[in-house]
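# Generate coordinates for the sequence data below:
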Amino acid sequence: MRSMISRTLSALVLAAALGTPLHAEDDINTGAYLAARIAERENDFRAAAGWYAQAIAADPGNPALLDGAILANIGLGNIAPAIELAAMRRDLGKDQGIDRSQLADLVLLADDAQREDYAAIQAAAGTGRDVGDLANQLVLAWAKVGDGKMSDAVVAFDAVAKKPGYEAFGYFHKALALASVGDFEGADEILSGKAAGPIVVMRRGVFAHVQILSQLERNADALALLDRSFGPGPDPMVDPIRHRLQAGEPIPFDTVRTARDGIAEVFYSISTALQGGADPVYTLLHLRVASYLRPDHTDALLMTADVLENLGQHELASETYTAFTAEDPAFVTAEIGRAAALRSLGKTDAAIETLRTLARTHGDLVGVQFALGDMLRGQERFAEAIAAYTAAIDLTTAAGKGDWVLYFYRGICHEQSKDWASAEADFRRALELNPTQPQVLNYLGYGLVDRGEKLDEALGMIEKAVAGDPKQGYIIDSLAWAYFKLGRYAEALEPMEKASLLEPVDPIVTDHLGDVYWMNDRKLEARFQWRRALSFNPTEKDKARIMRKLEIGLDAVLAEEGTAPAPVKAAENGN
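Numbering: from 1, shown residues only. All right, here's what the predicted structure looks like:
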């Protein structure tokens, strides 16, 4: 979809760049068009929409400009103007024989679904409207539900489920459709795996099944499903449901209330499948349609904000997160996301205050304290970060393997605060929880090496870290540095050179490579690497030390520091 737009616009850019005269019918506002194109490349949907509007005013019959404007407006979440543009694009195709636009088809379908004109959806499908093969079929099945043709809809969902790669989509949406008309037994047969075997569902699918079980007066089974899926720990999105189930309250089925909701769910389902494997803009288009059809679609909104963050549109992401009220179960998740967006915008103080406010109202949640600790650690406010991580740890009554990260990050803050005893204790506790975690093994091992303590144990830790994550340059640097500290300079060469290849512009790794060369009597190469390290913006302290090494050599610098190099050791078998 997007590549078609890109090819058309790129051709016009090239014509303008080469000074090729435009035909009379191509009487576009070239400046506005070029600005729109640049904004589109930067995923700046707001700017692109404005510039495309100016370009279209000069050339309303240009299909590429219309497609660009539709894309920008969908990206913004402005579906109403996108519908008007899509109608223009459709009529253009009819009048001039221009190929139809999948972007326009997507928006016009959203318009039909929003108006619940299911007859129009079915009619358009017969005339070639195309929004993608899977979406075409699922939307048509839901349109039959909306038109009261449930038997035909079931046949249509079954047809989807029989297509390789579409099985889970077909069965899941059939279950939702059955539940939407009150056939909870049929829906449970599918979601429990009894009808056609197990199907994998996302978080939203679990909630749908919980609602279905509750409607079948099986609250105990619904609670068991929640515990299997999310664990017993506190979760602001799970807890309200759990409490209602425990009280014996029936949970209404509202995952899909109408066929329009079902069509919204189609686009959300496809977006989850696309995420991470497709152009994020394409994913965003599906999410925007889902939210347009169902503005209270929590998962679509959260995912929309996440995609916008990944596209660098932090302002739009922040605006999306503000859609959640304090009463919404997703409010905590949204506020943590909004804080991250604010930080990306450079509004660090506002981000920290957002999390502090959240900690005052939801301080009993590990995730809130953890997010606050991470934010403070990123700003090198280590004492405050330690307090937040400690609060998170205190809330963890039975620490599990996944909780290693709390101790690891608190340990880093202790280490940065020059409290090595507390840091080492936290790192060792993290290893008790997750003995093979490469980051912890490396950090503790490197710290011991740098302090000249427990060198044999430290080397063993780092070797274990390398085995667990052999492609991380900074971990391989630690291994080489351990050999260096042990006086095994020849052995340090190979891993240090490998680390330098993996981290080619890291000032610490490059500086270490120079030291290793020096101790292997390759002094010319050592000086070359130290000069390279200076070009990679080292800290002021490291910069001064590197310049001193260039002036008098490593041996003399160590002598000034009162540190003699480790005596040369031969290679040791087994290490």
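# tell me the domain ranges of the protein?
The record's domain split for the chain, according to automatic domain parsing, is 1-128, 132-253.
# Including distance to Q437 and mean neighbour count, could these go into CSV?
Where you see a C-beta, it was placed from the backbone N, CA and C, and this is true even at glycine. Formatted as CSV, the domains of the chain follow (distance: least, Cβ to Cβ, whole Å; neighbours: other Cβ atoms under 10 Å):
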stretch, distance to Q437, mean neighbour count
domain 1-128, 35, 18
domain 132-253, 20, 18
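# Select, out of those domains, the one closest to L395.
domain 132-253 (8.1 Å; Cβ to Cβ).
# For the closest one, what is the distance to the chain centroid?
25 Å (Cα atoms, centre = their mean, to the nearest Å).
# between the domains of the chain, which gets nearest to S422?
domain 132-253 (26.2 Å).
# Where does pLDDT dip in the stretch 401-550 of the chain?
Along the stretch 401-550 of the chain, no part satisfies pLDDT under 70.
# ok, back up a step: ok, of the domains of the chain, where does mean pLDDT dip lowest?
If you rank the domains of the chain by mean pLDDT, domain 1-128 sits at the bottom with a mean of 80.
# got the end-to-end distance for stretch 215-224?
15 Å (Cα to Cα, to the nearest Å).
# same deal with stretch 178-197?
One end of stretch 178-197 to the other measures 17 Å (Cα to Cα).
# Run a quick neighbour tally on Q275.
Q275 is flanked by 17 other residues according to other Cβ atoms under 10 Å.
# Pull up the gap between the residue lying closest to it once chain neighbours are set aside and G77, please.
Excluding the flanking residues, the one nearest Q275 by Cβ to Cβ, 6 or more residues apart in numbering is T283, at 5.4 Å. As judged by Cβ to Cβ, to the nearest Å, T283 and G77 stand 14 Å apart.
# and if you look at K194?
40 Å.
# gap between the closest residue to F427 other than its chain neighbours and I263?
Of all residues beyond its chain neighbours, the one nearest F427 is L444 (4.0 Å), with distances taken as Cβ to Cβ, 6+ apart. Distance, L444 to I263, using Cβ to Cβ: 53 Å.
# rewinding a little: the residue nearest to Q275 is in contact with S269, isn't it?
No: counting by Cβ atoms under 8 Å, T283 does not reach S269; the two are 11.9 Å apart.
# hang on, the earlier thing: the domains of the chain: which one's closest to V568?
Once these are compared by Cβ to Cβ, domain 132-253 is nearest, at 53.1 Å.
# So for that closest one, first residue to last residue, what's the gap.
End to end - Cα to Cα - domain 132-253 spans 29 Å.
# circling back: of L444 and I263, who's got more company?
Between L444 and I263, counted using other Cβ under 10 Å, the more crowded position is I263 (33 against 26).
# ok, now which ones touch that one?
By Cβ atoms under 8 Å, 6 or more residues apart in numbering, I263 lies in contact with 113, 139, 142-143, 293.
# how near is the residue nearest to Q275 to A323?
18 Å.
# Those two: which is more packed in?
T283 (24 against 17).
# helix, strand or coil for that one?
Following DSSP: H, G, I helix; E, B strand; the rest coil, T283 is assigned to helix.
# mind listing what it touches?
Contacts of T283 by Cβ under 8 Å, 6+ apart are 271, 274-275, 307.
# and the gap between it and F267?
From T283 to F267 the distance is 10 Å (Cβ to Cβ).
# again with E335
26 Å.
# which residue packs closest to P63, ignoring adjacent ones?
That would be I98: by Cβ to Cβ, 6+ apart, it lies 5.3 Å from P63.
# G276: how many residues sit nearby?
Neighbours of G276 (other Cβ under 10 Å): 9.
# actually I508, not the one I wrote
With other Cβ under 10 Å as criterion, I508 counts 17.
# Likewise for the one 3 residues further on?
D511 has 22 neighbouring residues, counting by other Cβ under 10 Å.
# Can you tell me the element it falls in?
Counting by DSSP states H and E, the element that carries D511 is helix 507-519.
# and that helix, how far out from the chain's middle?
The answer for helix 507-519 is 35 Å, by Cα atoms, centre = their mean.
# Show me what the next helix or strand after that helix is in contact with.
Downstream of helix 507-519, the first helix or strand assigned by DSSP H and E is helix 523-534. With contacts defined as Cβ under 8 Å, 6+ apart, helix 523-534 is touched by 500, 507-508, 510-511, 513-515, 517-518, 542-543, 546-547, 549-550, 553-554.
# Next secondary structure after helix 523-534?
Assigned by DSSP H and E, the successor of helix 523-534 is helix 540-552.
# quick one: buried residues of that following helix?
The neighbour-count check on helix 540-552 (16 or more other Cβ atoms under 10 Å) flags 545-546, 548-550 as buried.
# okay if I get the residues you listed as TSV plus distance to Y33?
Below are these laid out as TSV (distance: Cβ to Cβ, whole Å):
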residue	distance to Y33
R545	54
I546	50
R548	56
K549	55
L550	53
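# from those residues, which is closest to A177?
I546 (67.1 Å).
# what's the closest one in contact with, if anything?
511, 514, 530, 533-534, 538.
# cutoff 6 Å now
511, 530, 533-534 (Cβ atoms under 6 Å, 6 or more residues apart in numbering).
# Quick one: those residues as a markdown table, columns for distance to A222 too.
Supplementary listing: the contacts of I546 in a markdown table, determined by distance: Cβ to Cβ, whole Å:
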| residue | distance to A222 |
| --- | --- |
| D511 | 58 |
| W530 | 64 |
| A533 | 59 |
| L534 | 63 |
